[in-house]
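Peer 1: build the 3D model from these lines:
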Amino acid sequence: MPLYEYHCDSCQKDFTLLQSTQVDQTETRCEECGSENVRRQFSTFAAKIQGQPTMRGKPATIDDYPGKKIPNLPIPRLRSEL
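Peer 2: Numbers count the residues shown, from 1 in each chain. Predicted coordinates:
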């Protein structure tokens, strides 16, 4: 069963539930205040990969790139400066 993250709009608490995919999520209640005014949050996950890392060759350095001066350019402060 997957873990789902929720946010309660009534008490402003975040909580995680282990729920079946078969559960009607509109019936989910806040663990803290019991309110049904909850919304599911977008969450990320991590996967563990078994085995050895496969590195093909040496790590890239600045000398491997054609525009060697690009990393020295000033970072734009606003999106409009891009």
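
Peer 1: quick one: low-confidence ranges for this protein?
Peer 2: Counting by pLDDT under 70, the ranges of the chain that qualify are 53-55, 76, 78-82.

Peer 1: where do the strands of it begin and end?
Peer 2: Here the chain has its strands, by DSSP state E, at 3-8, 14-18, 38-40.

Peer 1: just the buried residues of the last one, please?
Peer 2: Just to be clear, that refers to strand 38-40. Going by neighbour count (16 or more other Cβ atoms under 10 Å), the buried part of strand 38-40 is Val38. Any C-beta I mention is one placed from the backbone N, CA and C, and that applies to glycine too.

Peer 1: same check on the longest one?
Peer 2: Judged by neighbour count (16+ other Cβ under 10 Å), strand 3-8 contains these buried residues: 4, 6, 8.

Peer 1: wait, which of the residues you listed is closest to Lys58?
Peer 2: Tyr4 (42.6 Å; Cβ to Cβ).

Peer 1: go ahead and confirm that closest one touches Arg39.
Peer 2: No - in this structure, Tyr4 is not within contact of Arg39 by Cβ atoms under 8 Å, at 10.8 Å.

Peer 1: what number of residues lie near the closest residue to Cys33 other than its chain neighbours?
Peer 2: Closest residue in space to Cys33, ignoring its immediate chain neighbours: Cys11 at 4.4 Å, by Cβ to Cβ, 6 or more residues apart in numbering. Look at Cys11: counted by other Cβ atoms under 10 Å, it has 15 neighbours.
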